[in-house]
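S.K.: this one's sequence-less:
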């Protein structure tokens, strides 16, 4: 798996990350998704579905960013911005 991540083209990595984060953004700002969840009386882990909806979206966003950091570390791209400032 590590070799696949290292060989992945930068454009493909950007597309995957863009789709993931774009999906999170769509969940956050597209009203019909939230309104569909907001009218429910169901509980998710003891919380109303509307609150769980936002928490799930936040968790997906954090997971996406954490995975991006992990992939960039494997590819040797993480932290390049800081290294270039001091050169």
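M.R.: Thanks, I have the structure now. Since the model is a prediction, treat every value here as computed from it, not as a measurement.

S.K.: where does pLDDT dip in this protein?
M.R.: For the chain, the stretches with pLDDT under 70 are 37, 80-87.

S.K.: measure the residue nearest to the spatial centre of it to residue 20 for me?
M.R.: Centroid check for the chain by CA atoms, centre = their mean gives residue 64 as the closest residue, at 2.7 Å. Distance of residue 64 to residue 20, given as CB to CB, to the nearest Å: 4 Å. In this view, the C-beta of every residue, glycine as well, is placed from N, C-alpha and C.

S.K.: next: residue 36.
M.R.: Residue 36 is 22 Å from residue 20, where distance means CB to CB.

S.K.: state the number of residues packed around residue 8.
M.R.: By other CB atoms under 10 Å, the residues close to residue 8 number 14.

S.K.: list the contacts for it?
M.R.: Neighbouring residues of residue 8 by CB atoms under 8 Å, 6 or more residues apart in numbering: 71, 75.

S.K.: the strands in this protein, which residues?
M.R.: Under the criterion DSSP state E, strands of the chain are mapped to 43-44, 47-48.

S.K.: tell me how many other residues crowd the nearest residue to residue 69 once chain neighbours are set aside.
M.R.: The spatial neighbour of residue 69 that comes closest, neighbours along the chain excluded (CB to CB, 6 or more residues apart in numbering), is residue 78 at 6.2 Å. If you count neighbours by other CB under 10 Å, residue 78 ends up with 14.
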